[in-house]
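Undergrad: Starting from these lines, generate the structure:
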Amino acid sequence: QVQLVESGGGLVQAGGSLRLSCAASGRTFSRYGMGWFRQAPGQEREFVAAISWRIGSTYYADSVKGRFTISRDNAKNTVYLQMNSLKPEDTAVYFCAADIDLRGPPARWDYEYDYWGQGTQVTVSS
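TA: Just a heads-up that it's a prediction; the model follows:
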């Protein structure tokens, strides 16, 4: 069983920055692929970014490429999402997720993930 706890959400003006954190339980965090997803009101959950377990390769949704950066600190069992140049359309609940299947490339689909956090709200005002 893996528990994930997100933090760092909040209210920010357009153009601002936030850094989300996701702390994971378990002694094998370094072997988890990790991802971030988001869900805006009335919309389906969508992929944001992912980082693989082996070499830390990353993948981003086109909508956030160049503005968001995913990273991980295996010593702290934590994955981060640095969000810069935020836009009102980035407003959503952000979820982190863990993929324990030792996949090579970063997982990009929600069905590839095995565990989910409870989410943290990000609100970007115009």
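Undergrad: From Ala107, how far off is Ser52?
TA: The spacing between Ser52 and Ala107, counted by CB to CB, to the nearest Å, is 8 Å. Where C-beta positions appear, they are placed from N, C-alpha and C, glycine not excepted.
Undergrad: Please apply the same query to Val12.
TA: Using CB to CB, Val12 is found at 28 Å from Ala107.
Undergrad: and those two? which has more neighbours close in?
TA: Comparing Val12 with Ala107 by neighbour count (other CB atoms under 10 Å), the higher total belongs to Ala107, at 24 against 17.
Undergrad: Looks like the more buried one contacts Phe37 (just checking).
TA: No. Counting by CB atoms under 8 Å, no contact exists between Ala107 and Phe37, whose distance comes to 10.7 Å.
Undergrad: one step back: overlap of the contact sets of Ser52 and Ala107?
TA: Contact with both Ser52 and Ala107 is made by residues Gly33, according to CB atoms under 8 Å, 6 or more residues apart in numbering.
Undergrad: contacting residues around Val122?
TA: With CB under 8 Å, 6+ apart, Val122 has these contacts: 9-10, 12, 18, 20, 38, 83, 86, 90-94.
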